[in-house]
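# structure, please.
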Amino acid sequence: MRKDDLATVRFMIELYCRGRHKTEKGKLCKDCQELWEYVQFRRSKCPFGDDKPFCSNCRIHCYKPEMREKIKEVMRYSGPRMIFYDPLVAFAHLRETLQRKSREKKMANGKNETKGKTNATGKTEKGEDAK
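Now for the predicted structure:
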């Protein structure tokens, strides 16, 4: 679990709560505090540990459906506004998202390159034994 990732989520929840629920800066309403505690709990149980991707890039969706909808609403509201409040975090998020998608695409292409290249005798198209 990365501390900077949790700090970003906390910031996004605060931004959402301040904009939608009119709370003071740095404070959360009861619903947003509940969401924040849930986020921390789920992150502490994440099987990916320090290599955890952003939830939007994750292949495992571990949030309960209602909490998942709440965090998606927070992200939809806060995401576009983050560029005005913390542009470095916003760009870092974008960079990591693009890098992860690029790695996943390369991995998928690497797997696809080896599929279907052996014939019935177990030889590759070049006549070599398949490993």
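
# correct me, but Pro47 touches Ile60?
Yes - contact criterion Cβ atoms under 8 Å: Pro47 and Ile60 qualify, at 7.1 Å. Placement of C-beta: from N, CA and C, glycine included.

# return the residues in contact with the residue nearest the centre of the chain.
When Cα atoms, centre = their mean is applied to the chain, the residue found nearest the centroid is Phe54 (1.4 Å). Phe54 makes contacts with Asp5, His93, Glu96, Thr97, Arg100, as judged by Cβ atoms under 8 Å, 6 or more residues apart in numbering.

# torsion angles phi and psi at it?
Backbone torsions of Phe54, given as degrees, to the nearest 10, read phi -60, psi 150.

# low-scoring stretches of the chain, by residue?
Applying pLDDT under 70 to the chain flags the ranges 1-3, 56, 111-131.

# now do the buried residues in the lengthiest helix in it.
Determined from DSSP state H, the single longest helix within the chain is helix 87-114. Judged by neighbour count using 16 or more other Cβ atoms under 10 Å, the buried positions of helix 87-114 are Val89, Ala90, His93.

# next structured bit after whichever helix or strand Tyr16 is part of?
Assigned by DSSP states H and E, Tyr16 falls within helix 3-21. For helix 3-21, the succeeding helix or strand toward the C-terminus, using DSSP H and E, is helix 30-44.

# checking Ile60 next. Helix, strand or coil?
Of the three states, Ile60 takes coil under DSSP: H, G, I helix; E, B strand; the rest coil.

# gap between it and Cys46?
8 Å (Cβ to Cβ, to the nearest Å).

# same deal with Lys72?
18 Å.

# between these two, tell me which one has more neighbours.
For Lys72 and Cys46, the more surrounded residue by other Cβ atoms under 10 Å is Cys46, and the numbers stand at 16 against 13.

# got the contact list for the nearest residue to Arg20 once chain neighbours are set aside?
Using Cβ to Cβ, 6 or more residues apart in numbering and skipping the chain neighbours, the partner closest in space to Arg20 is Tyr77 (6.7 Å). Taking Cβ under 8 Å, 6+ apart as the criterion, Tyr77 is in contact with Leu15, Tyr16, Gly19, Arg20.
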